[in-house]
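Chemist: Got a sequence here, can you model it:
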Amino acid sequence: MFWDMDLSSWSKFTLLSELLLVCCSLLILYRLFFHPLRNFPGDKLAAISGWYWDLHGSEPDFLERLHQKYGTSHSYFPRQYIINQPSTRASGEDQQE
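Modeler: You can find the predicted model right below:
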């Protein structure tokens, strides 16, 4: 087995660190270049990680600023995007009885 090899604990730590770095790099490359939502406008940091939302999401006018900068549809989280158009609402939401 691989772990039964005579490696020092520092070598194992280095190997695991490199493996983690490779996995994170591949995830970033996938989200930037191969993800189905890659063509939606938005900050690249938002496409890579949820940290973008964690940093700015509590600001009251955050989504409004994104709509002003990127238009009616944009990405704000790696696998999520917003479409802000009145025509996309369900027909029953606009009607009051």
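
Chemist: For the residue nearest the centre of the chain, give me its contacts.
Modeler: Against the mean C-alpha coordinate of the chain, by C-alpha atoms, centre = their mean, the closest residue is residue 78 at 2.0 Å. Listed by C-beta atoms under 8 Å, 6 or more residues apart in numbering, the contact partners of residue 78 are 31, 35, 46-50. All C-beta spots, glycine's among them, are computed from the backbone N, C-alpha and C.

Chemist: go again using 10 Å as the cut-off
Modeler: Counting by C-beta atoms under 10 Å, 6 or more residues apart in numbering, residue 78 touches 27, 31, 35, 37, 45-53.

Chemist: Residue 80 too?
Modeler: 37, 40, 42, 46, 50, 53.

Chemist: where in this structure is pLDDT low?
Modeler: 1-7, 86-97 (pLDDT under 70).

Chemist: so where do the strands sit in this protein?
Modeler: Ranges of strands within the chain are 73-77, 80-83, based on DSSP state E.

Chemist: May I have the strands that pair with the first one, each with its orientation?
Modeler: This points to strand 73-77. According to DSSP bridges, strand 73-77 has the following sheet partners: strand 80-83 (antiparallel).

Chemist: Buried residues, the partner strand. List them.
Modeler: Using 16 or more other C-beta atoms under 10 Å as the test for burial, strand 80-83 gives 81-82.

Chemist: The biggest helix by length in the chain vs strand 73-77, what angle?
Modeler: Counting by DSSP state H, the longest helix found in the chain is helix 9-33. Angle, helix 9-33 to strand 73-77, by axes from the mean of the first three to the mean of the last three C-alpha atoms, to 10 degrees: 170 degrees.
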